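> Return a 3D structure for these sequence lines:
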Amino acid sequence: RDLRAKDDSKRMAQISRAALKVIAGFLFSTRIRGARVLKRELTSLGPTFVKLGQAIATRPDVFGDVVTTELATLHDQCTTFSSEEAYEVLRDELGDEKLCLFRGATGQKGSKFWEEEPIAAASLGQVYKARLKIENSKDDVVDVAVKVQRPGARGQILLDVKTLKRTIGQSSYFEEIVNLVGDTLLEEVDYLKEASNAKEFATIQRDCKFVVVPRVYDSVTTSRVLVLEWIEGQSPKEIANDKEKLLDLTNRAIQCTIAQLLCSNVLHGDPHGGNLLYTADRKLAYLDFGVLCRVKPEQAQALLNSSVHIVNKQYRDFVYDLVDMEVLDDQKVSVEEVVEAFDKEYSQNANLSDQMRLNNTMMKLGYVYKFNAPPYYTTLIRALAPLEGYGLSADPKFNILSACYPLIIKKMLNPQPTSDTRGPVRTFLSLVRNAIFLLSTVIRGILWGAIVELVRAAKKLMGMGPIGKVDADEKGCCEDEDGDGDGQEAPA
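Down below sits the predicted model:
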């Protein structure tokens, strides 16, 4: 008990010193300078506070756009822990018998199968490249990524959450943020949960021929050790000077992100560039499955509608979509007032890229009109924002909304069948509803591309052939023509 009290006091002192620096930064300098000090101190306090900062970054309506813009780029940065400590975690979790499956996994320098230094490190754990002998096999040895949890990570999170709750008192809003941060982090340090997420994500993406999800080796995975198939590839940063590869990665990542959102209603929860790899055979590999974000079907449909409206400059309809997306509360503010403000603000940002233009407008109006930030919405923004950067780096004329648009139209005209006996009826009604929606958009916006899609959809319904052809390696993401999961087209 005395040791816990000492730890509590020590942590409280660290937090108090950081808080004083932040207060001084805001009081005796500019707001931008204060925001930078806040970002630095949150980073120094570790994963709980980094996640807290990321949560704050989604609420410009509460904290203002200066603070939230600065915190939007917040990532955890920390020193590595020793390989000896990592080896002890492996021994504690797996025991000597299973540890022997890692050929040469002694943690000693010069070991043939165990990399002495981690290839990646974060506040919750670090990753080693190793070699694993497949059980019940004489010779098969495979390269694997071994993710080892930082000693004491779970206890540190619990201590931080407890300290924060005691500090904020009865503030219901901040308590809600702290609880969310704590729950998310505790989920991330459960590597059995991450293994389950990886397998679920692999199942979702099984028909997408250009997506790679690493295999989980369950026999040597525990709550503190995660062993995955080793994937060879290059990060977006590593191919930054190869414009053709970078643009190909960007387009594939956009297609996969839209498919996640609209086909499965499940999003990768941390889709930054460090979790993407471009393989030698032009495939997109996803890494890190600590959190998956789930989207309600009605929210996904509202996002479909909003994408069409924003591309066609139908701002009034877009703002009403925000209500259906649970971003705007029409019981608290006048929607028509927001429509007028959106039109004015969006028009003033005409010199920016489409995604930045939309992000800036949403942030400014969110502060004034108290926009909500559902988890799926912030995850989607985090996914698409860096992709736009990659696209613009490869091609100055790249337009992310235009890149998303054909995929969204195709999804609206190819609704996923449901599994129950009423599935065909529901699928047909969904197609009719979306077709009517697009037709009304055509009438108002002269959207000739949508007319083509409507004609193709009608041809398919009348048995006159498929909507369109895709390359064999492209089929999968929202492209399973007969909806039976085999990636093959149904006979006419």
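> For Gln126, which three-state class applies?
Here Gln126 is recorded as strand under DSSP: H, G, I helix; E, B strand; the rest coil.
> List the residues that contact it.
Gln126 sits next to Thr80, Phe81, Ala86, Pro118, Ala120, Lys147, Val148, Arg150 when contact means CB atoms under 8 Å, 6 or more residues apart in numbering. From N, CA and C alone the C-beta is placed, and that goes for glycine too.
> Now go through the residues you listed and say which are in helices.
Ala86 (DSSP state H).
> Arg206: which of the contacts of Gln126 is nearest?
Of all the contacts of Gln126, Lys147 has the smallest distance to Arg206: 22.9 Å, by CB to CB.
> just how off-centre is stretch 168-186 within its chain?
Remark: stretch 168-186 is offset 21 Å from the chain centroid, using CA atoms, centre = their mean, to the nearest Å.
> average pLDDT for it?
Stretch 168-186 shows an average pLDDT of 73 in the prediction.
> same deal with stretch 92-102?
For stretch 92-102, the mean confidence score works out to 86.
> buried ones in that stretch?
Neighbour-count burial for stretch 92-102 flags Glu93, Leu94, Lys98, Leu99, Leu101, Phe102 (criterion: 16 or more other CB atoms under 10 Å).
> Now, those residues that are in helices?
Those of the buried residues of stretch 92-102 lying in helices (DSSP H): Glu93, Leu94, Lys98, Leu99.
> would you list those residues in a markdown table and tack on distance to Glu188?
Shown next, in a markdown table, are those (distance: CB to CB, whole Å):
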| residue | distance to Glu188 |
| --- | --- |
| Glu93 | 17 |
| Leu94 | 21 |
| Lys98 | 24 |
| Leu99 | 24 |
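> Return the member of these nearest to Lys162.
Glu93 (25.5 Å).
> so how far is Val225 from that closest one?
5 Å (CB to CB, to the nearest Å).
> who touches both of the two?
By CB under 8 Å, 6+ apart, no residue touches both Glu93 and Val225.
> before we move on, back to that, buried ones among the contacts of Gln126?
Taking 16+ other CB under 10 Å as the criterion, what is buried in these is Phe81, Ala86, Pro118, Lys147, Val148, Arg150.
> Let me see the backbone angles for the third one.
Pro118 has phi and psi values of phi -70, psi 150 when expressed as degrees, to the nearest 10.
> so who does it touch?
So Pro118 contacts Thr80, Ser83, Ala86, Gln126, Val127, Tyr128 (CB under 8 Å, 6+ apart).
> Could you check how far the fifth one is from Thr43?
If you measure Val127 against Thr43 using CB to CB, the figure is 20 Å.
> Also the fourth one?
Going from Gln126 to Thr43 by CB to CB gives 17 Å.
> swap in the first one?
With distances taken as CB to CB, Thr80 is found 16 Å from Thr43.
> now do the third one
When CB to CB is applied, the distance between Ala86 and Thr43 equals 23 Å.
> got it, and Thr184?
In terms of CB to CB, Thr184 sits 17 Å off from Thr43.
> With Met362 instead?
26 Å.
> where do the helices sit along the stretch 151-300 of the chain?
Taking DSSP state H, counting those that start in this stretch, the helices of the stretch 151-300 of the chain run over residues 153-168, 172-188, 191-204, 243-259, 297-311.
> ranking the ones you listed by mean pLDDT, which is last?
helix 172-188 (a mean of 77).
> Provide the contact partners of that one at residue level.
47-48, 51-52, 55-56, 62, 124, 154, 157-158, 160-161, 164-165, 168, 193-194, 290-291.
> And the residues you listed, which of them are buried?
Buried among the contacts of helix 172-188 by 16+ other CB under 10 Å: 47-48, 51-52, 55-56, 62, 124, 154, 157, 160-161, 164, 193-194, 290-291.
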